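Colleague: Structure for this input, please:
(one chain, ligands or ions: 1)
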Amino acid sequence: MKPVDLEPGDEEILAGEQGETKQEMLEILVALGTVFGADRLVPVTSVQVSGASYKTIGKYGLEWLEHLDARAVVPAILNPIGMPRGRWQEMGVEPDFAKKQQAVIAAYERLGIRLECTCTPYYLHAPEYGDHLAWSESSAVSYANSVIGARTNREGGPGALAAALIGKTPCYGFHLSQNRKPQVVIEVHGVGREASVAHYGALGYLAGKLAGNRTPLFCGIRPDRDRLKALGAAMAATGAVALYHVKGATPEARLVHFDTSGLEKIEVERQEIDRLFSEIHVDAVAVGCPHCSSGELKTADRLLRGKKVKKPFYIFAAQDVISRNRRTVDSIEKSGARVYADTCMVVSPVMERYTAIMVNSGKALSYVPGMCGAVARIGTIEECVEVASS
Ligand code: F3S
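Modeller: Coordinates of the predicted model:
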């Protein structure tokens, strides 16, 4: 295997002159780069670290974090954790879990990671086209690569943390232009402008299975950014799609000429998407996977105004987005729905108390059964509100 070229200063770090943690972190980056054939490390402008919920990292993950001793050198935030930090009692999180979750948070804070816990970091500090990043959460990676045109692989927790503490990541995969070309064409029929965020989530649910780990180029759809977010999140869940293009909508599909001759072409019909919208009796409703945008919070508020929910109705968003939409969130909560920051329906242990959960997300449709042990039903946000309030 070809060695990764290092810059002046890196040799010192590898020799342990800046402490054991930085030495360990650079060793991780060099090992990843060697395995994946990177010839160098590339500076990153931001990092998103997964492995933040105690539900997913457990005792050993916490012990590993607590032995580290260094500070992030680039802006770095966290993926959602297992509870809303300010409202965990209200959400029904067990005190023992909360204590362990707080220890995880404290460990990350000591490492200089900002305590912003979201899978939508682009609503807080949007990267620019062409920026190199080291992000972890699959929907955030998909959004950064596809909707913004930034460049990131899907980092594991240790690789992302190492990038935060060193400021670089191995330059391979989606950091290189030659790996960003479409590998399959997906022609969609019957999905017009009226198609909802949930329909795009359902399309992504199907398309992820069809594309597998290939980069698709979609034709026949004109989604806005909320719909692109839903499409990419679901494809990253049912497939391993970390980058996709949409003709006429995503930046590289507009700026780069892609030669699609010779690529497999797959057709998806509207009826296949509609078939996923089955009617199942649910005992809770959860939206905000990925975390809600300001526009999605406003839509939920408009639909819930004057209503009272009769089933638990969870809405998840980044704390920063909630703070910017305080009046909207207060208005939503008058209905009995709850808008929680920091966590989500998949990583919070609270959702395991339900047997069937309604969502408006293709990603949640895929993850809720395995992660929460509940049946999942997908519907539009209008249907979610209707089911919760009737
Ligand atoms: Fe985000 Fe949780 Fe969905 S991390 S993408 S809301 S599963």
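Colleague: any idea how far residue 60 is from the ligand?
Modeller: 21 Å (CB to the nearest ligand atom, to the nearest Å). (Glycine included, C-beta is placed from N, CA and C.)
Colleague: Check which helices and strands the helix or strand hosting that residue sits against.
Modeller: Using DSSP states H and E, residue 60 maps to helix 54-66. Here helix 54-66 touches helix 95-110, going by 3 or more CB pairs under 8 Å, 6 or more residues apart in numbering; DSSP states H and E.
Colleague: Say whether the ligand is contacted by the very next helix or strand once past the helix it packs on.
Modeller: Remark: after helix 95-110, the chain's next helix or strand is strand 114-117, criterion DSSP H and E. No: Strand 114-117 lies apart from the ligand when judged by CB under 6 Å from any ligand atom; the minimum separation is 9.2 Å.
Colleague: Can you give me the buried ones in strand 114-117?
Modeller: Of all the residues in strand 114-117, those buried under the rule 16 or more other CB atoms under 10 Å are 114, 116, 117.
Colleague: coming back round to it: may I have the helix holding residue 60 as PDB, with CA atoms only?
Modeller: In PDB, the C-alpha atoms belonging to helix 54-66 read as follows (Å, rounded to 0.1, in the frame of the first residue of the first chain):
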ATOM      1  CA  TYR A  54     -25.300   6.900  24.800                       C
ATOM      2  CA  LYS A  55     -27.800   4.500  23.200                       C
ATOM      3  CA  THR A  56     -25.400   3.900  20.300                       C
ATOM      4  CA  ILE A  57     -21.900   4.200  21.900                       C
ATOM      5  CA  GLY A  58     -22.600   2.700  25.300                       C
ATOM      6  CA  LYS A  59     -20.100   2.200  28.200                       C
ATOM      7  CA  TYR A  60     -17.000   1.400  26.100                       C
ATOM      8  CA  GLY A  61     -17.500   4.400  23.700                       C
ATOM      9  CA  LEU A  62     -17.800   6.700  26.700                       C
ATOM     10  CA  GLU A  63     -14.600   5.200  28.300                       C
ATOM     11  CA  TRP A  64     -12.700   5.800  25.100                       C
ATOM     12  CA  LEU A  65     -13.800   9.400  24.800                       C
ATOM     13  CA  GLU A  66     -12.900  10.100  28.400                       C
END
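Colleague: residues in contact with it?
Modeller: Outside of helix 54-66, the residues within contact range by CB atoms under 8 Å, 6 or more residues apart in numbering are 50-51, 81-82, 97, 100-101, 103-104, 107-108, 111, 157, 347-349.
Colleague: Which ones among these also lie next to the ligand?
Modeller: Applying CB under 6 Å from any ligand atom to these, those adjacent to the ligand are residue 347.
Colleague: Minimum pLDDT in the contacts of helix 54-66, which residue is that?
Modeller: Minimum pLDDT for those is recorded at residue 51 (85).
Colleague: For it, give me its contacts.
Modeller: Counted by CB under 8 Å, 6+ apart, residue 51 has contacts 57, 61, 79, 136, 156, 157, 158, 161.
Colleague: make it 10 Å
Modeller: 57-58, 61-62, 64-65, 78-79, 104, 108, 136, 156-158, 160-161 (CB atoms under 10 Å, 6 or more residues apart in numbering).
Colleague: Fine, thanks again, bye for now.
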